[in-house]
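Q: Turn this into a structure:
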Amino acid sequence: MNLFRKVSIPWLLFLVVYCTTLISVVLFICQLGVSTIFYFNDGSFLFSWEEALHIALKKGSIAGIILGTAVWLKNKLHERHRKK
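A: A predicted model of the protein is given here:
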């Protein structure tokens, strides 16, 4: 079943939310992974949950909005090209 039959505003919102969530989660996991590696090397676990979450959400939302909008715009142009 195709949930989005044409490129419209709900598709844009879905892409922005999906890209924002995905990038934020990946950034948070990477920060946690790097802190874990430093813990095994140095013995001190320097990881602030609040700071890492803030950084991941801030950078993830910026990148997610840009990426989601760019993918939507590409699909919109591709849809317009197919109609011609």
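Q: how about residue 10, secondary structure?
A: The three-state label given to residue 10 by DSSP: H, G, I helix; E, B strand; the rest coil is helix.
Q: And it, how far from residue 16?
A: Distance, residue 10 to residue 16, by CB to CB, to the nearest Å: 11 Å. In this view, the C-beta of every residue, glycine as well, is placed from N, C-alpha and C.
Q: who has more neighbours, those two?
A: The neighbour comparison of residue 10 against residue 16 (other CB atoms under 10 Å) goes to residue 16, with 19 against 11.
Q: check which helix or strand covers the more buried one.
A: Assigned by DSSP states H and E, residue 16 belongs to helix 9-42.
Q: buried sites along that helix?
A: For helix 9-42, the buried set under the neighbour-count rule, 16 or more other CB atoms under 10 Å, comprises 11-12, 15-16, 19-20, 23-24, 27-28, 31.
Q: Now residue 52: closest residue in space that isn't a chain neighbour?
A: Using CB to CB, 6 or more residues apart in numbering and skipping the chain neighbours, the partner closest in space to residue 52 is residue 31 (4.6 Å).
Q: how close does that neighbour get to residue 81?
A: Going from residue 31 to residue 81 by CB to CB gives 40 Å.
Q: repeat for residue 32
A: For residue 32 relative to residue 81 (CB to CB), the value is 42 Å.
Q: same thing with residue 45?
A: In terms of CB to CB, residue 45 sits 52 Å off from residue 81.
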